[in-house]
Each structure stands twice: as C-alpha cells, then as structure tokens.
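**Q** sequence-free structure coming up:
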C-alpha cells in the first residue's frame, strides 16, 4: 500500500510539473508574439487636425449614398475635445454643411472642393466652397482639389486656372493638395497658391514604421526648402491599421499607434501644421485604393477607437484574455482526457504531446479571436467563417498524428501482440476454408497463388475459388483445370453473372463452405502465401473465444526493379507498420480483404459480406467489432501481392478505399458517436475509426481550399483593389499542418518502417500524389452512394510518356493553374511584400500534391529501371571536369546507398 501511495504521489508531482511546464512555455510564446513594442511617448494632448470623411457604414459616394446632417453632427460630437480642426474634401452632396455644423463645436475648418473630370460638378464644388469660405469665420483656409494631378483628372494648367479663380473670390488662404513628390515635380503650382499642402504617407513609399516618422519629417523639410517663403501644411499624414503590406511597410493597429504616438509630440514641438489621415475608417475607398484604403482612421467604421494613446503598444490588446481562455481549455483537455490515461508513459513524451495539444488549442483560440483583433470586411468575414471548419480539421489531424507519434515512439506502450510460435504444428487445428475471388485475372498469376496455398503447412484445409463476371473463358478455364487436378481440397466455381462483385463472390463461397469449417480465410488472387501462415495464426482463436478476426499485413513483391512500384510499396508499408499497429492496441483494426482469418460462426452471425459497400472487408470488420468481438493484428508479413502496374490503377484503388470509407461512415455513424451508449464499440475503437479517416476528409477540404485559392489569386490579379492579400492567420494553419504532417511521416517511417531516408522520401511522394484522388473520392462519397466496385488490374502494359501525362491530367491542370497564379502574382507584385510572398508560398505548398502526382505518373511511364540502376546512370553520367551543385552531387553520391538501407526482414521474399 505504501509503495502504491508513493507511486501515485510521484505521478501527481510529475503531472503537475508537466502542466506547469506546458503553461509556462505556452505563456512565453503568447508573450513573444504580443510583447510591447519599443516604448513610445504617451499622448494626452489634443490633435491639431484630422482629415474628415464622414461616410458611415453602408454609405458610399460612388453609389450616391451620402451622410445626412445627423450623421455629420454625430461625428463632430465624437471628435469634440479630441481634435482642434477638421479638413473636408468636398462641397457638394451635403459636405458643404460641414463648416456651419463644425462651428457649433468650435472647430476650425480647412474646407475642400473635390475636382474631377466632370467640369459641371467642378463648377458647383467651387461655387459652394467660395460661399462657405466667405460665410463662415471658422473656415481657416481652403484646398482646391485633392490629388487631381496624381490621378490625372486635371492637367497643371487646368488646376492653376481653378486656383486663380478661387483666390480671386475669397480672402482666405488657398492651395491644392498633392503628394510631396508631385509638388516637387510641378514647382509652378506654387505661383498660384498661398501655402503648400502636401501629403506625406510613408506607407505608400514602402518605408517601415520604425523609420516612417523621421522619413515624413525629412520630406517636410525637403519641401519647405524647395519653396522658401511658403507655409507648408502636412494635409495628410498617417499610417493604416489594416491591409496589404508594401514591402517593409506593414499595416496594423499597433503600427498605427506607434506612428502617431511618435509623430504627434514631434510635430507639436517643431510647430508643424498637419492633418492626421484620417478621423474614421472609410471602407468605400476599397475600389480605388485597395483593402488598405479604407483603414486609415483613428476610429474604425463603427466609430470605435482602435488603440490606446497611453500605455504599452501591443499587437493584440486582448492577448492575455486569449491566453487565459486557451490555457484553461488546454488544462481541461489535458487533465480530463489525457493525463489520467498516460500514467505509464515517459514524462518527455507526455510533455511533448501536452505542448502540441496546448499549441493546437492556442492556435484555434487565436483564429477565433481574429475578428476582435483585426478589422474585417464582409469578404474577410466570409473567408474567416468558411475556413473555420477547415482549420479545426487541420488542427485535429495534427493532434491525431501527435497522439500516434506519442504512442508508437514509446515502445512499452505496445502490448497487444501475438503469442510466440515455436514452428511446431499446434494441438488445435480446426478445419479452415480459404476463399479466393477472381475476376478477369491472368490465369498464370492465379495459379501461382493457388500453388502457394497448396503448400500451406496445415492438415485440415479446403480452398474455394470463385470466378465471377469474367467474360473470357481463356482466363478462368486454366484455373478450373488446375483445381480439378488438385483433388478434393480445391473447389472451383464460375459465376458468369454475379451481383455484389467481390462481396457477392465471397458470400457464394461462404455458402459452399464445408459444414465442419471453423475459420474462414480470404486471400487475393495475386498473393504468394508463406507456408506457416495458418499454422502460426489459426491457434490464436483457441486462446480467446471472443477473438473473431486475425489480420496479417497486406504486403507486396516484385517491386525491387521498378522505381514506381518501389515507391508504391513503401507507401503501403506505412499503414501496416504504423497505423495498423496503433489501431491494434485498441482492438480497432481495419480488416482487409486479403490475408485475413475470420471465425466462421461470427461471419455468418453478422450476415456475411456486404455487397452494398465497395470496401466490404473494412465494413465487415466494423460490424464484427460492433458486436463486441475482438480482433488481432500481426505486423509480420505472411503473404505478398503485386503492386499496381500503373499510376491510374494506384489511384483507382485508393479511390475505392476512400469512397468506401465514406459509405461505411454514412451507414455506421450512429455507432461511432462518442455518447452513444447503446453501441458496443469502446471509445478507443470509435476514436480510431473516426480519426483514421479524418485525414482523408482533410484531403477533400484541401481540394476545396485549392479551388478557393485559385479564385482568390485570380481576383488579386483581375480585381486588385477589391481582392487583397489573404490575412496571414488564414494561411499559417496550412503551413503548420503541412510542416507537422511532414515531421510525423518522416519520424515514424524512420523509426517504425525503417526503410531509409531515400525510401521514406519516395513513400511520402507517393502518398502525397494520392491527395487529389482521395479528396475527389471523399467528396463523391458525401454526394453519392452507388459507385460500382473498382478492381485493380494486374499485369498492365507499361504506358508511354503521353499516357503518363494523361493519367495525371487533372493533377497536371491543377499544378499548372497554381503555378500560373504564382508567376502572375510574382510579376504583378514582386517579392517585396512579405504577405504576398507568404501567399505565393502557400500556393506552392498547395501545388505539392499535384506536382507529386505528375512526377509519380511520369516515373511510371519511364522504362522499368531499378532505383540503383537509375542512380548509377545519374552518377556515372556526370561528365568529368565540370562543377556540379551540392544538390546534384548529393543525389549522385547518396541515393545509390538506398540498397544498403535497413529494410524489412522479408526483403528476400518481396523480390521473388
């Protein structure tokens, strides 16, 4: 009792230390990304002037929607006590009311007239401007035209004519507003103005925010020096809070606060006249200036302040709350669902998974809080909502992969293993019936399989061969003759037309099975079986009456001299040496239609094989588990089949598996619900059947997201002012998921599959090449239910280059579209903008599955060259006397070593 108590105390202390470590590291990460910027001076004074565009939410001057008198009064009331002066931009459509209304609050006004290409409108603007200037004492000065030369609406002579007209009708100082460089390019304008009104916006000049204030002041000095004797007014100066980056110039609320809190004290000390750009966000400017154009206000479009004028400046004002929520949620998940079940695991692995779980929760909370921290438009909000389930699925897949790593990298966690065999014939040898279903298979291949079954070291055995739906007698008659010559152990049946495809044939074989048979085995028609298969595995049924299923791996042969087939082989190996091993610990294996042994009584009790499902084997395994039965898996290979001959067959086989998975979920979803107490499935079994197929659903979502990405990229190229760069937090979960998926794959392959680094890369390439096919299959499974069974052809002829391209035509089109988008963005925007560069990187990452598919299909089209022969050609084909890049030397020097990589013990059998 004392030892147990001390052990529990030790576990409690260890868990407490792990929790504290997770929370501490988690806090440091949150603080690192939200730490205060360099200390800035507090601002408690009154702003000298702000640009005043009073358009409210839903108002747009481009659509003839203008603010009313009450709107103007509300905005001026809000600015009262905050600023001393406002600058208006127009004198029609209600904006001419601004000077009179502003006088009620004691504001000085720099009144403006908007000049464009419409001469009639210009005349009305000038008329109202002059009236206001002469009628209202609070009109300090007037500005005729705003960036009219920059836009090209007027030429210099036209603008100077308007300036002379206004100067002749009012005694108030007159100028026009243009960016500082336009004044430098048109010095003649100074002859017709009373002061110089310049726009100094460092963001558009690609100046980083930490250098922006000094840059703006330098431009002020430069313009003042160019026009001696003229007063200089900074008619627009500021920094945006949201939008696209301009090289090193990045918008943000924290950046805006940093700029203004630096600029305002310096401007006050140096006596500079200015108007901050601007009072309120104006989203209607997006068609003209892009996303960033609507986010220059010190208040947002809902008239809420964006930042604090005092105290530390941080990227997120709510980060501590976000950290607290994520910490509490992470602690809840760790303490309730994880730590109580990991009492025997090493603390290092528990700590790593705890950090992974907390990171996933933190990223989710960060994503959910984005609308609070960022300024969202309607499009941004729609994208945020649309990506929410996608990001949740990505984070869930990361946790699933992390949990698998945590268990499989801890050797003592694997406890469900087969009993040791001594090579002797067991005492209990029930009668076994092996079923082989064939359809349009080469007779020589099937006979080779039957010879291996004939050589099985087992005393009481029958073999039933059912040929179904084969139209050519030359394919099945030699098999029938072979069976006839083998005597009573072999039984051959030919079904010219059989419903249910393979399931129908297996049900027919079950009906023809000898009454004394206790165990039914299924073998694919291309398998070579080890003689001791039944001798070693059938006795497992005697040790547990509840055990109804014993599964051996689906393994392959004759791939050693073909690069395409070798990559496919190692891609298959990952599931059987990683996924199935993990599932076996929870009695949740996926049954496969080959190398499987089933207790006959249990098979008949659940109604045999389901002909409605194109993955009848996996569906049967789930039905057996739903009855409360046990299953067992051995990672030791007892049989070897043939890999697909073509990329098209490789894809069609995976399409069938993925489509069948959706069929199974649609049929059995109620039994998989965690809270369904009527289901006899354990939580571990439910978890593995859901978690095992969730990455395939993520591939379907990936396909949808790639389509959306292409539309978005096209919008950036065709409508750049409407469609801006996606926000980084839309993109980072994709990078995080891809990076962790790569880490998970490589680490587990190197530790569990042990096929060497080069073969691991090949397996990753083959697996990635299937993402498009899997995504299509999952979507098809969701939208339909009646896809026919897809058999995998054997001994297909080698395809040529054109056929190789044709087999991957969809993937090739997607890759071309993605890289066209990348090149188009690079040409249109360059690489100075970090956000756009990140976006191009995301598009490149999204293209990897399609490029991989095209590469794998072309490898399939190449001559049947072994990896060693191929790499020897590369190495010996390098002419002497030339310099080669490190990458070329690495490939030429290292890849031939793959033959010396550590491989599975059955390598000699696989190369038969």
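**A** Received the coordinates, thanks. No experiment lies behind these values; they were computed from the predicted model shown.

**Q** what's stretch 283-302 in contact with?
**A** With CB atoms under 8 Å, 6 or more residues apart in numbering as the test, stretch 283-302 has contacts from 50, 55-57, 59-62, 78, 203, 238-244, 251, 256, 260, 276-282, 305-306, 375, 377, 720-722, 724-725. C-beta coordinates here come from the backbone N, C-alpha and C atoms, glycine included.

**Q** now, the residues you listed that are in helices?
**A** Among the contacts of stretch 283-302, the ones falling in helices (DSSP state H) are 78, 256, 260.

**Q** can you select the buried ones from the residues you listed in ChimeraX?
**A** ChimeraX command restricting the ones in helices among the contacts of stretch 283-302 to the buried ones, with burial defined by 16 or more other CB atoms under 10 Å:
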select :256,260
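
**Q** that older thread, can I get the buried part of the contacts of stretch 283-302 as one ChimeraX selection?
**A** Buried residues among the contacts of stretch 283-302 (16+ other CB under 10 Å), as a ChimeraX selection:
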select :50,55,56,59,61,203,238,239,240,241,242,243,244,251,256,260,276,277,278,279,280,281,282,306,375,377,724,725
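
**Q** show me the residue sitting in the middle of this protein in space.
**A** Geometric centre of the chain, nearest residue: residue 734, 3.0 Å, by CA atoms, centre = their mean.

**Q** what are the structural domain limits within the chain?
**A** Split into domains by automatic domain parsing, the chain comes to 47-294, 869-912.

**Q** these into CSV, with extra columns for mean pLDDT and distance to residue 479?
**A** Formatted as CSV, the domains of the chain follow (pLDDT from 0 to 100; distance: least, CB to CB, whole Å):
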stretch, mean pLDDT, distance to residue 479
domain 47-294, 95, 67
domain 869-912, 42, 21
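
**Q** among the ones you listed, which is the most enclosed?
**A** When these are scored by mean count of other CB atoms under 10 Å, the highest mean neighbour count falls to domain 47-294 (a mean of 19).

**Q** quick one: end-to-end length of that domain, please.
**A** End-to-end distance for domain 47-294: 21 Å, by CA to CA, to the nearest Å.

**Q** now the closest residue to residue 600 other than its chain neighbours, what's its secondary structure?
**A** Once flanking residues are discounted, residue 600 sits nearest to residue 520: 5.0 Å by CB to CB, 6 or more residues apart in numbering. Under the three-state scheme (DSSP: H, G, I helix; E, B strand; the rest coil), residue 520 adopts strand.

**Q** my guess is residue 520 contacts residue 432. True?
**A** Yes: the pair formed by residue 520 and residue 432 meets the contact definition of CB atoms under 8 Å, at 7.5 Å.

**Q** list the residues that contact both of those two?
**A** Jointly contacting residue 520 and residue 432 under the rule CB under 8 Å, 6+ apart are residue 597.

**Q** re earlier: for the ones in helices among the contacts of stretch 283-302, which one is nearest residue 582?
**A** Of all the ones in helices among the contacts of stretch 283-302, residue 582 sits closest to residue 256, with 49.8 Å by CB to CB.

**Q** next one: the residue nearest to residue 600 from residue 478, what distance?
**A** Distance of residue 520 to residue 478, computed by CB to CB, to the nearest Å: 26 Å.

**Q** and those two? Which one has more around it.
**A** Remark: of residue 520 and residue 478, residue 520 carries more neighbours, 24 against 15, as counted by other CB atoms under 10 Å.

**Q** residues touching the more buried one, list them.
**A** By CB under 8 Å, 6+ apart, the contact set of residue 520 is 432, 433, 434, 435, 510, 513, 597, 598, 599, 600, 603.

**Q** in what helix or strand does the second one lie?
**A** Assessed by DSSP states H and E, residue 433 sits inside strand 431-438.

**Q** give me the average confidence score over that strand.
**A** Taken as a whole, strand 431-438 has a mean pLDDT of 97.

**Q** so what strands line up beside it?
**A** strand 461-468 (parallel), strand 517-522 (parallel) (DSSP bridges).

**Q** and the gap between residue 360 and residue 733?
**A** From residue 360 to residue 733 the distance is 10 Å (CB to CB).

**Q** what sits in contact with each of these two?
**A** Common neighbours of residue 360 and residue 733 (criterion: CB under 8 Å, 6+ apart): residue 395.

**Q** am I right that the residue nearest to the centre of the chain is in contact with residue 394?
**A** Yes: counting by CB under 8 Å, residue 734 touches residue 394, with 7.1 Å between them.

**Q** helix, strand, or coil at the residue lying closest to residue 438 once chain neighbours are set aside?
**A** Spatial nearest neighbour of residue 438, excluding adjacent residues (CB to CB, 6+ apart): residue 525 at 4.5 Å. Recorded secondary structure, residue 525: coil (three-state DSSP).
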